[in-house]
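In: give me coordinates for this.
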Amino acid sequence: MIERVPAELASGLAEDLSDLYAEVFAEPPYREGPEDVAGFVRRFRRQTRQPGFALVISRTGDALTGMAYGYTMAPDEWWRHCDTPAPPEAAGCAKFAVYELAVRREVRGRGVGRRLLNTLLADRLEQWATLNVNPEAAAAQMYRRWGWQFIGWCRYPGRPVMEVMLLRLRPATP
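Out: As a prediction, this is how the structure comes out:
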């Protein structure tokens, strides 16, 4: 079951989501550990207060099996440490930044990730969505199959190089 979580309740799920995050991102190519999980919790709690924050989760019975969330980037905002500016068609307009999509291994291959992302993006007012993905992760190819376009690279200090991707959510308004 996919459900939207009201932004004002999202922070209260940080610990439950951290268990999911820890499991998914311990896998290769991420190999994240306890410090990374603690960083996720701190970031997530801060991100829940950002404009346009949205969270969707999936459950199988009572078990949390997936999450997707993000928030609105201001019109003049773009990814820090990115070697390419926002493309002209996306520059100067708000964009929805997808920060995490995570699905437990036991439910992968059943369309859960796709349903999570589709639900997250379904009612967005932004014309564009953007995300970063590890190019060595299976998710990079998955996003390409779903229509996301490669834009450039982000080189965060002490982290793997990430691909920046962009997806048109709706046609340009006249």
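In: for the longest helix seen in the chain, which helices and strands make contact with it?
Out: Longest helix in the chain, counting residues (DSSP state H): helix 34-47. With contacts defined as 3 or more C-beta pairs under 8 Å, 6 or more residues apart in numbering; DSSP states H and E, helix 34-47 has these neighbours: helix 14-25, strand 63-73, strand 95-103. From N, CA and C alone the C-beta is placed, and that goes for glycine too.
In: would you mark the buried spots in the helix or strand just after that helix?
Out: The first helix or strand that comes after helix 34-47 along the chain, using DSSP states H and E, is strand 54-60. Within strand 54-60, the residues that qualify as buried are 54-58, counting by 16 or more other C-beta atoms under 10 Å.
In: any stretches of the chain with poor pLDDT?
Out: Within the chain, the ranges that satisfy pLDDT under 70 run 173-174.
In: ok so, going back, dump the helices and strands packed on helix 34-47 into JSON lines; add distance to residue 140 and mean neighbour count as well.
Out: Shown next, in JSON lines, are the helices and strands packed on helix 34-47 (distance: least, C-beta to C-beta, whole Å; neighbours: other C-beta atoms under 10 Å):
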{"stretch": "helix 14-25", "distance to residue 140": "15", "mean neighbour count": "17"}
{"stretch": "strand 63-73", "distance to residue 140": "16", "mean neighbour count": "21"}
{"stretch": "strand 95-103", "distance to residue 140": "12", "mean neighbour count": "22"}
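In: would you turn the ones you listed into CSV with distance to residue 156?
Out: Below are those laid out as CSV (distance: least, C-beta to C-beta, whole Å):
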stretch, distance to residue 156
helix 14-25, 15
strand 63-73, 16
strand 95-103, 13
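In: figure out which of these is closest to residue 152.
Out: strand 95-103 (14.1 Å; C-beta to C-beta).
In: please export the C-alpha coordinates of stretch 166-174 as CSV.
Out: Below are the C-alpha coordinates for stretch 166-174, written out as CSV (Å, rounded to 0.1, in the frame of the first residue of the first chain):
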residue,chain,number,x,y,z
LEU,A,166,16.0,15.9,-14.9
LEU,A,167,12.4,14.9,-15.8
ARG,A,168,9.7,17.2,-17.3
LEU,A,169,6.6,16.9,-15.2
ARG,A,170,4.3,19.1,-17.3
PRO,A,171,4.5,21.2,-20.4
ALA,A,172,5.7,24.8,-20.2
THR,A,173,3.0,27.3,-19.4
PRO,A,174,2.5,30.1,-21.9
